[in-house]
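Chemist: I'd like to go over a predicted model; first the sequence, then the structure.
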Amino acid sequence: MGDIEPDITKQIRALLNENRIEFEEIDHEPAITCQQSAKARGCSQEIGGKSILFKDRSDFRLFVMSAALQIDSKKVRKILKSSWLRFATTEELREMAGVEKGALPPFGRDILPVDLYLDESILKNDKIAFNAGMATKSFIMTVKDYLKLIDPIICSFAK
C-alpha cells in the first residue's frame with residue numbers, strides 16, 4: 001500500500017473528528033503483527049485492538065479483542081451458530097476494506113459493511129490502539145470514546 005493513505009484511514013479520522021473524539025495519531029515503522037504494532041507505538045500489547053475478519057456460510061463478521069490474547073475459533077463458531085468458519089483472504093481484505101493483512105481497523109458498520117463482535121477483554125482497558133488502515137499508522141483513543149462510535153455485540157471469544 002506504500003505511503004499513500006487509504007480511504008479507510010481518512011474515513012476513521014473523519015468519524016473521530018465529526019464526533020469530537022480525542023485521539024493520538026502515530027506514524028511508525030511497518031507493523032504487521034500485534035507484537036510489532038505494540039512496540040512501534042510504545043504501548044503495551046494488551047491495549048491493542050486485534051481485528052479479525054471471519055467468513056461463515058452467510059457473511060463476513062469482524063471480531064475485535066485485546067492483541068495480547070488469542071482467538072478461540074470454537075467460541076466464535078458457537079457465537080455465530082456456524083459449523084463452518086474461515087479467515088478472510090488477503091484479496092477479500094483488500095476488496096472489502098482496501099487494507100493489507102494486519103492493518104484492519106476495529107470498526108463495523110460505520111466504516112466496514114460487517115457486524116462487529118467485541119470481546120470483553122477490550123472493556124478491561126482504558127485505551128485502545130489499532131492500525132488505522134495501514135501498517136505504518138496507528139490511532140489511540142479511550143475505550144470509552146471508542147464505544148461511543150461502535151454498535152458491537154459484546155461477548156467472549158478469547159482463549
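Modeler: Perfect, thanks for sending it. Numbers count the residues shown, from 1 in each chain.

Chemist: beta-bridge partners for Phe130, please?
Modeler: As for beta bridges, Phe130 partners with Phe139 under DSSP bridges.

Chemist: most centrally placed residue in the protein?
Modeler: Pro106 (2.6 Å; Cα atoms, centre = their mean).

Chemist: that one touches Phe130, doesn't it?
Modeler: Yes: at 5.2 Å, Pro106 counts as touching Phe130 under the criterion of Cβ atoms under 8 Å. Placement of C-beta: from N, CA and C, glycine included.

Chemist: shared neighbours of these two, anything?
Modeler: Gly49, Ser51 (Cβ atoms under 8 Å, 6 or more residues apart in numbering).

Chemist: which stretches of this protein have low pLDDT?
Modeler: Scanning the chain for pLDDT under 70 picks out 1-3.

Chemist: so which residue of it lies furthest out from the middle?
Modeler: Outermost residue of the chain (Cα atoms, centre = their mean): Ser83, 23.8 Å.

Chemist: please name the residues that touch that one.
Modeler: Ser83 makes contact with Arg77, according to Cβ under 8 Å, 6+ apart.

Chemist: so which strand or helix has it?
Modeler: Ser83 is part of no helix or strand, with elements assigned from DSSP states H and E.

Chemist: and it, how far is that from Lys74?
Modeler: Here Ser83 is placed at a distance of 11 Å from Lys74 (Cβ to Cβ, to the nearest Å).

Chemist: with Asp59 instead?
Modeler: 20 Å.

Chemist: contact partners for Pro6?
Modeler: Gly98, Val99, Gly133, Met134.

Chemist: a markdown table for these, including secondary structure?
Modeler: Below are the contacts of Pro6 laid out as a markdown table (DSSP: H, G, I helix; E, B strand; the rest coil):
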| residue | secondary structure |
| --- | --- |
| Gly98 | coil |
| Val99 | coil |
| Gly133 | coil |
| Met134 | coil |
